[in-house]
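Visitor: Take a look and give me a structure for this.
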Amino acid sequence: MGDINAGPGVFSIIADNFTILRNRDIRIYLSGNAVSLIGDWMQQTAQAWVVWELTHSTVALGVVAFFGQIPFFLLGPWVGVISDRYDRRKILLVTQFLIMLCAFALAGLLQAHLLQLWHVYVLACVLGVVSAFDVTAEQAFIGDIAGTGNIRKAVALNNSITQLTRLVGPSIAGYLISKVGVALSFWLNGLTIIICILSIAAVHTRSTVQAVSGNGLKQFLEGWRYFRKHSLLKLIMVFAATQAFFGLSTIQLLPAVASETLNGNAATLGKLLGAAGAGALIGIVFVMPFVERIRRPCIAIGGALIWSGIWYILFSRSSNIYFTLVCQFMTSMGAANVVTLSIGLSQELTPPGMRARIVSTFLMIIFGLQPVASWLIGAGAHRWGLQPMILINGILMVVVPAILLTLPRLHRLRRPDAIQKGQDHCVGF
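Guide: Okay, here's the model as predicted:
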């Protein structure tokens, strides 16, 4: 571990990530976003349970995931360009309002006992389109608020909040579904988005808006060419894509795991998602500050990916609720580092005026793989069974990064002490 920089003590290293909270606008935005994220996780849990109750089909769960994720791929050439060319605050205000309408639509259909599977498919697709613009603009917006030197801290803290709410939201949803019904989770999500909208309106930011000519595809290709020139960005992408394809796609199977493998109900699903949130939170807050000090970032990210794969292998062999929760906790602890480090580093290596385009390139590739993965994993679980499919995913999450880590060129990719704006100091790959 000679690549880990010596320096401050354990407490100082962990506490350093929270110094970004001295920024008034970061505090306001993340507070509002935290409330909204609780509602979002409630809705995701409730939606998955509704689909499972309607169909008892892993294929249907995969189809919903497909419709929610395919817009990230199809709209990739445009969402980043739009976020770079227009006011990101206004984009977020519009997208959050539309997301709120989708939540209320699902709630109303459920409340009126009119909800059918095709409604979920349509709304998942609409929400996917809106989210493609929302997620891309949000990542760049956080960079605008934090400033170039603090992007990774802001992204890490935002992801910490995401995982903390992932611990709380599904648990609340599971309780409400078992005690009250499903519709309330959607109503509450819509209400929490209002708070997020107010926080976005309240912050001050210096967004970088480009006055450029040319269509969206041309501007996207400019960002794509920048991406292709930077070896570190490409390696980070391969690891992140592996996590997305084999790791994130497994989450869609959790309703079936809760019901069939563990003989549980919506509360069991809430516990599984809560364990994942707790693991990711611990990974980001207590593990990632030390992982970030490794000068070879691809080795750090690859190691986190292998860790997640090992625990998914163990997860696939478990039918005990307590051991399954431990496996889900440990898996997410590594997975959170893969995602957070990838997005944070990609933004630090990118000029502000191109930041959203690089983020959209990442999201286009990572989430563009998800629709295919969702369909394949859902169909595979239907054909061969839940646990064999999860076992295969876990094995591939170990094998793929292990092969990549044997590449000599990868070991020469080193992260400098200070990453200068938009400059890759790493040896070519």
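Visitor: CA only for contacts and neighbour counts going forward, please
Guide: Fine.
Visitor: So what's the model's average confidence on the one helix or strand Y322 maps to?
Guide: In the assignment (DSSP states H and E), Y322 maps to helix 321-348. The average pLDDT for helix 321-348 rounds to 83.
Visitor: Output the contacting helices and strands for that helix.
Guide: Under the contact definition 3 or more CA pairs under 8 Å, 6 or more residues apart in numbering; DSSP states H and E, helix 321-348 sits against helix 151-179, helix 231-242, helix 266-282, helix 297-316, helix 355-384.
Visitor: deepest of the ones you listed, which one?
Guide: Stretch with highest mean neighbour count among these: helix 266-282 (a mean of 26; mean count of other CA atoms under 10 Å).
Visitor: Identify all contacting residues around it.
Guide: With CA atoms under 8 Å, 6 or more residues apart in numbering as the test, helix 266-282 has contacts from 45, 49, 159-161, 163-175, 177-178, 254-255, 258, 324-326, 328-337.
Visitor: Please pull out the lowest mean pLDDT helix or strand from the chain.
Guide: helix 10-16 (a mean of 64; mean pLDDT, DSSP states H and E).
Visitor: From the centroid of this structure, which residue is nearest?
Guide: Central residue of the chain (CA atoms, centre = their mean): V339, 6.7 Å from the mean position.
Visitor: Verify the contact between that residue and A240 for me.
Guide: Yes: using CA atoms under 8 Å, V339 is in contact with A240, at 6.3 Å.
Visitor: For the closest residue to R88 other than its chain neighbours, give me its contacts.
Guide: Excluding the flanking residues, the one nearest R88 by CA to CA, 6 or more residues apart in numbering is A137, at 5.7 Å. Residues near A137 by CA under 8 Å, 6+ apart: G80, S83, R88, I91, L92, A356.
Visitor: Between those, which sits nearest I28?
Guide: I28 has its nearest neighbour among the contacts of A137 in L92, at 15.0 Å by CA to CA.
Visitor: Is that closest one located within a strand, as I assumed?
Guide: No: counting by DSSP: H, G, I helix; E, B strand; the rest coil, L92 falls outside a strand, being helix.
Visitor: Pretty sure it sits against T136.
Guide: No: the criterion here is CA under 8 Å, and L92 misses it with T136 at 9.6 Å.
Visitor: Could you check which of these two has the larger neighbour count?
Guide: T136 (30 against 25; other CA atoms under 10 Å).
Visitor: which SSE is the more buried one in?
Guide: helix 117-146.
Visitor: nearest to A202, of the contacts of A137?
Guide: L92 (12.6 Å).
Visitor: could you list every residue that touches the closest one?
Guide: D134, A137, E138, I200.
Visitor: can you pick the most crowded of the residues you listed?
Guide: A137 (31 neighbours).
Visitor: got the angle for the biggest helix by length in the chain vs helix 151-179?
Guide: Using DSSP state H, we find that the single longest helix of the chain is helix 24-55. Following axes from the mean of the first three to the mean of the last three CA atoms, to 10 degrees, one obtains 40 degrees for the angle between helix 24-55 and helix 151-179.
Visitor: Next, the angle from helix 24-55 to helix 117-146.
Guide: Helix 24-55 and helix 117-146 are oriented at 170 degrees to each other (the same axes, to 10 degrees).
Visitor: and helix 24-55 with helix 266-282, angle?
Guide: Using the same axes, to 10 degrees: helix 24-55 against helix 266-282 is 150 degrees.
Visitor: Which strands and helices lie in contact with helix 24-55?
Guide: So helix 24-55, by 3+ CA pairs under 8 Å, 6+ apart, packs with helix 58-74, helix 117-146, helix 151-179, helix 183-202, helix 254-256, helix 266-282.
Visitor: could those helices go into CSV alongside mean pLDDT and distance to R24?
Guide: Shown next, in CSV, are those (pLDDT from 0 to 100; distance: least, CA to CA, whole Å):
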stretch, mean pLDDT, distance to R24
helix 58-74, 80, 31
helix 117-146, 86, 9
helix 151-179, 79, 12
helix 183-202, 93, 10
helix 254-256, 85, 38
helix 266-282, 83, 23
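Visitor: would a markdown table of those with distance to R383 be doable?
Guide: What follows is the helices and strands packed on helix 24-55, written out as a markdown table (distance: least, CA to CA, whole Å):
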| stretch | distance to R383 |
| --- | --- |
| helix 58-74 | 10 |
| helix 117-146 | 22 |
| helix 151-179 | 28 |
| helix 183-202 | 32 |
| helix 254-256 | 14 |
| helix 266-282 | 22 |
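Visitor: L391 is nearest to which of those helices?
Guide: helix 254-256 (13.9 Å).
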